[in-house]
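**Q** Sequence first, predicted coordinates after that:
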Amino acid sequence: MSLQFYNTLTREIERFKPLKQDEVKVYYCGPTPYNYAHIGNLRNYLMDDIIVRTLRFLGYKVKTVMNVTDIDDKTIRDSQKSEKSLKDFTEFYTREFLDDCKKLGILPADTIAPISTLIPDMGMIIDGLIKKWYAYLAEDGSVYYSVSKFKKYGQLAHLDIKGMISSVRIDNDEYDKEQVADFALWKAYDRESDGENFWEIEVTIEWEKKILKGRPGWHIECSACNMKFFGPQIDIHMGGCDLVFPHHQNEIAQSEAYSGKQFSKYWMHGGHLLVDNKKMAKSANNFYTLRDIFAKNSNTSETLIARGFRLMWLQNQYRENFNFTQDRLQASINTIKWLDEMMKRLGRYKNELIGDEVEWTELEDLRERTAKWRLKFHEISREFRDNQQAFMQEFIEKLEDDFDTLGAMAIIFEYQTYINSGIDDELFSLEECKSIIDFLKTWNEVIAIFDFELLESNEVIPKEIIALLAERNEAKLNKNYTESDRIRNELDALGYKIIDEKNGSRVERK
């Protein structure tokens with residue numbers, strides 16, 4: 001199988017054929033930094049991250065670009081309320097957004113461009129659209145895109161726009177799906193709403209150059225960002241499903257009218273986020289940022305919460321709506337703990353083999369050494385190699401099938417069982433153990449939830465804790481379960497948990 005995924009433009013699953021083999025151009029709409037990102041925002045960026053990681057895992061050379069909408073109705077309004085400059089205000093929330101992404105294992109885009117740095121590029125496109133009669137200057141000094149001039153308008157959103165287009169102009173940054181109308185490319189300066197925030201572009205109107213004072217409309221920024229860093233055509237454009245119309249539809253209209261070329265070959269959109277089966281809203285008291293999630297689960301480390309949060313999205317198809325609940329998050333955190341336990345066991349198993357290797361290599365009796373060597377230090381067996389190949393092939397097939405991370409995670413959980421069983425029965429040689437670790441690292445390039453530091457965990461357990469464990473094991477052996485449970489509870493109160501394994505019991509810090 002080769003990579004195939006759902007293209008919003010055609011409403012079909014398509015085989016991926018990049019424009020060029022040596023570079024895949026991927027763009028995704030960035031944040032509007034006027035507040036902390038909510039978990040619906042972050043869900044979309046997790047989708048973007050997993051898709052980009054998968055493309056790279058499959059061997060594609062991917063270049064990514066993301067804008068930051070630092071000029072917007074909301075950023076201007078709220079910066080004025082905070083009595084901070086627009087630059088200081090938006091830079092603060094941009095840093096906070098990038099910090100949230102880092103905590104969730106989201107790789108930053110190769111290029112991150114605040115739109116305040118793209119004013120000349122936007123001016124160039126606006127001027128070009130005016131010259132081609134796709135845009136016009138309104139009486140107040142704003143520039144609007146003439147929707148009726150672009151014959152393919154509505155194709156991405158699959159709108160039947162007959163009878164919907166009128167002479168109505170929309171200058172708000174966001175509007176309803178039924179409001180198909182001319183939209184603002186450039187908004188004339190309004191001191192009452194814009195304060196001291198304005199920019200200037202130069203356009204030509206009837207062979208006369210004019211300087212327009214104001215700020216860009218919402219949609220033109222992404223066209224300019226792509227044009228500057230990618231040129232007129234890209235491979236994949238990603239975003240949330242709420243951006244299909246008007247934002248992405250208007251991007252297409254602007255970009256293709258200006259360049260005369262198809263803007264993006266593939267469009268990918270994530271599903272809606274619900275919280276407790278309701279639309280997330282402050283009025284519904286179910287509106288959460290990542291900080292809120294951390295505070296709500298303050299008894300758990302932020303790192304563990306973030307990994308559990310990421311795992312939730314991996315266990316959901318990116319195009320489907322997702323219902324966030326606290327129980328669902330807790331279940332994912334518990335799963336992460338089980339994966340961590342596997343990683344600790346794997347590390348102990350490997351370290352024991354390394355210790356045995358040193359001891360047995362020093363044996364003078366060559367025959368005894370050779371027999372034990374064959375048992376635990378053989379090269380990778382054919383059966384093991386076949387198993388590894390089968391697991392990898394199944395993992396790749398899931399990802400190539402419309403980025404099926406839910407199916408891919410099922411393969412990983414099956415592999416977890418395979419590892420634990422092999423450790424229980426002491427089946428793996430040292431080389432096979434190393435191969436398993438390399439295997440997990442390869443998969444982690446996509447899923448980014450494993451903690452490999454746990455492989456080298458050499459925690460020293462206090463003597464009194466070890467003594468309590470011995471007492472507990474003796475009580476359990478004598479079927480004194482009341483005493484056994486009492487000691488378990490005492491260890492729990494001291495911050496330790498008992499791990500019962502096939503070859504005995506041990507304790508570790510919780």
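**A** Everything's here; your move.
**Q** Tell me where the stretch 151-300 of the chain has strands.
**A** Under the criterion DSSP state E, counting those that start in this stretch, the stretch 151-300 of the chain contains strands at 169-170, 182-188, 199-205, 208-216, 234-240, 264-270, 273-275, 278-279.
**Q** looking at the ones you listed, which one has the lowest mean pLDDT?
**A** Note on the strands of the stretch 151-300 of the chain: strand 169-170 shows the lowest mean pLDDT, a mean of 78.
**Q** returning to what we had before: which one, of the strands of the stretch 151-300 of the chain, ends up nearest to P462?
**A** P462 lies closest, by CB to CB, to one member of the strands of the stretch 151-300 of the chain: strand 273-275, at 43.2 Å. For every residue, glycine as well, the C-beta is placed using N, CA and C.
**Q** in its sheet, what does the closest one sit against?
**A** Sheet pairing here is set by DSSP bridges, and for strand 273-275 it gives strand 278-279 (antiparallel), strand 322-324 (parallel).
**Q** Can you list the buried residues in the longest one?
**A** Yep, that's strand 322-324 we're talking about. The neighbour-count check on strand 322-324 (16 or more other CB atoms under 10 Å) flags 322, 324 as buried.
**Q** same check, this time on stretch 393-411
**A** Within stretch 393-411, the residues scored as buried using 16+ other CB under 10 Å are 395-396, 398-400, 402-405, 407-409, 411.
**Q** next one: stretch 381-391
**A** Neighbour counts over stretch 381-391 (16+ other CB under 10 Å) mark 384, 388, 391 as buried.
**Q** got it, and stretch 348-357?
**A** Using 16+ other CB under 10 Å as the test for burial, stretch 348-357 gives 348-350, 353.
**Q** residues making contact with the helix or strand containing V507?
**A** Assigned by DSSP states H and E, V507 belongs to strand 504-509. The contact list for strand 504-509 (CB atoms under 8 Å, 6 or more residues apart in numbering) reads 344, 459, 461, 465-466, 468-469, 472-473, 491, 495-499.
**Q** Among the residues you listed, which one has the most neighbours?
**A** Among the contacts of strand 504-509, the one with the most neighbours (other CB atoms under 10 Å) is R472, at 22 neighbours.
**Q** a helix runs through that residue, doesn't it?
**A** Yes: the assignment for R472 is a helix, going by DSSP: H, G, I helix; E, B strand; the rest coil.
**Q** confidence score at it?
**A** We have a pLDDT of 85 for R472.
**Q** give the contact list for the nearest residue to it once chain neighbours are set aside.
**A** If the residues on either side of it in the chain are set aside, R472 comes closest to I487, at 3.9 Å by CB to CB, 6 or more residues apart in numbering. By CB under 8 Å, 6+ apart, the residues touching I487 are 468-469, 471-472, 475.
**Q** Now with 7 Å, please.
**A** Going by CB atoms under 7 Å, 6 or more residues apart in numbering, I487 touches 468, 471-472, 475.
**Q** quick one on the thing from earlier: show me the contacts of strand 504-509 that map onto strands.
**A** The strands, defined by DSSP state E, take in 496-499 from the contacts of strand 504-509.
**Q** if we can go back for a sec, when you compare pLDDT across the buried residues of stretch 348-357, which one is lowest?
**A** Out of those, that is L353, at 81.
**Q** Apart from its neighbours in sequence, what residue is nearest it?
**A** Leaving aside its sequence neighbours, L353 sits nearest to L430 (CB to CB, 6+ apart; 4.3 Å).
**Q** Quick check, pLDDT for the one you found.
**A** pLDDT recorded at L430 is 89.
**Q** and what of L399?
**A** Note for L399: predicted pLDDT of 98.
**Q** Would you enumerate the residues in contact with it?
**A** Residues in contact with L399 (CB under 7 Å, 6+ apart) are 54, 58, 408, 446.
**Q** Using the three-state scheme, assign the first one.
**A** I take that to be T54. Assigned with three-state DSSP, T54 falls in the helix class.
**Q** how close does it get to L104?
**A** Going from T54 to L104 by CB to CB, to the nearest Å gives 16 Å.
**Q** do the same with I71
**A** Distance from I71 to L104, counting by CB to CB: 26 Å.
**Q** next one: D401
**A** 24 Å.
**Q** what about stretch 253-264, start to end distance?
**A** Terminal residues of stretch 253-264 lie 11 Å apart, using CA to CA, to the nearest Å.
**Q** And for the nearest residue in space to F183 that is not next to it in sequence, the neighbour number?
**A** Using CB to CB, 6+ apart and skipping the chain neighbours, the partner closest in space to F183 is I170 (4.9 Å). Using other CB under 10 Å, I170 has 20 neighbouring residues.
**Q** show me where the stretch 251-400 of the chain has helices.
**A** For the stretch 251-400 of the chain, helices defined by DSSP state H, counting those that start in this stretch occupy the ranges 290-296, 302-314, 326-361, 366-376, 382-400.
**Q** Output those helices in TSV; the columns should cover distance to Q233.
**A** Shown next, in TSV, are the helices of the stretch 251-400 of the chain (distance: least, CB to CB, whole Å):
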stretch	distance to Q233
helix 290-296	35
helix 302-314	29
helix 326-361	39
helix 366-376	56
helix 382-400	24
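**Q** Which of these has the lowest mean pLDDT?
**A** If you rank those by mean pLDDT, helix 366-376 sits at the bottom with a mean of 49.
**Q** E400 against M1, yeah?
**A** Yes: between E400 and M1 there is a contact under CB atoms under 7 Å: 4.9 Å.
**Q** just the buried residues of stretch 381-391 now: which is nearest A109?
**A** Comparing the buried residues of stretch 381-391 against A109 with CB to CB places F391 closest, at 31.1 Å.
**Q** What sits closest to that closest one if chain neighbours are left out?
**A** Among residues not flanking F391 along the chain, Y415 sits closest, at 5.4 Å (CB to CB, 6+ apart).
**Q** Assumed the one you found was part of a helix.
**A** Yes: assessed with three-state DSSP, Y415 lies in a helix.
**Q** neighbours around it, how many?
**A** Number of residues near Y415 (other CB under 10 Å) recorded here: 21.
**Q** ok, it to T69 distance?
**A** 41 Å.
**Q** Same check on D402?
**A** For D402 relative to T69 (CB to CB), the value is 29 Å.
**Q** In this structure D70 contacts T90, no?
**A** Yes: if you go by CB under 7 Å, D70 and T90 touch, sitting 3.8 Å apart.
**Q** so what sits against both of the two?
**A** Common neighbours of D70 and T90 (criterion: CB under 7 Å, 6+ apart): P33.
**Q** will you turn the contacts of I487 into TSV that also has distance to I119?
**A** Listed next are those as TSV, based on distance: CB to CB, whole Å:
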residue	distance to I119
L468	68
E471	73
R472	69
A475	75
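**Q** where does this structure dip in pLDDT?
**A** Within the chain, the stretches with pLDDT under 70 are 162-167, 173-179, 355-378, 458-461, 466, 502-503, 510.
**Q** neighbours of M227, just the number please.
**A** Going by other CB under 10 Å, the residues that sit close to M227 add up to 22.
**Q** give the contact list for it.
**A** By CB under 7 Å, 6+ apart, M227 lies in contact with 121, 125.
**Q** From N67, how far out is it?
**A** 12 Å.
**Q** V446 too?
**A** With the distance defined as CB to CB, V446 ends up 25 Å from N67.
**Q** thinking again about what came up before, ok, the residue nearest to F391 touching M392?
**A** No: judged on CB under 7 Å, Y415 makes no contact with M392 at a distance of 9.6 Å.
**Q** Give the residues shared as contacts by those two.
**A** Residues touching both Y415 and M392 by CB under 7 Å, 6+ apart: none at all.
**Q** Look up how far M47 lies from the residue lying closest to N316 once chain neighbours are set aside.
**A** Leaving aside its sequence neighbours, N316 sits nearest to F322 (CB to CB, 6+ apart; 5.0 Å). Taking CB to CB as the measure, F322 falls 10 Å from M47.
**Q** Right, I'll call it a day here.
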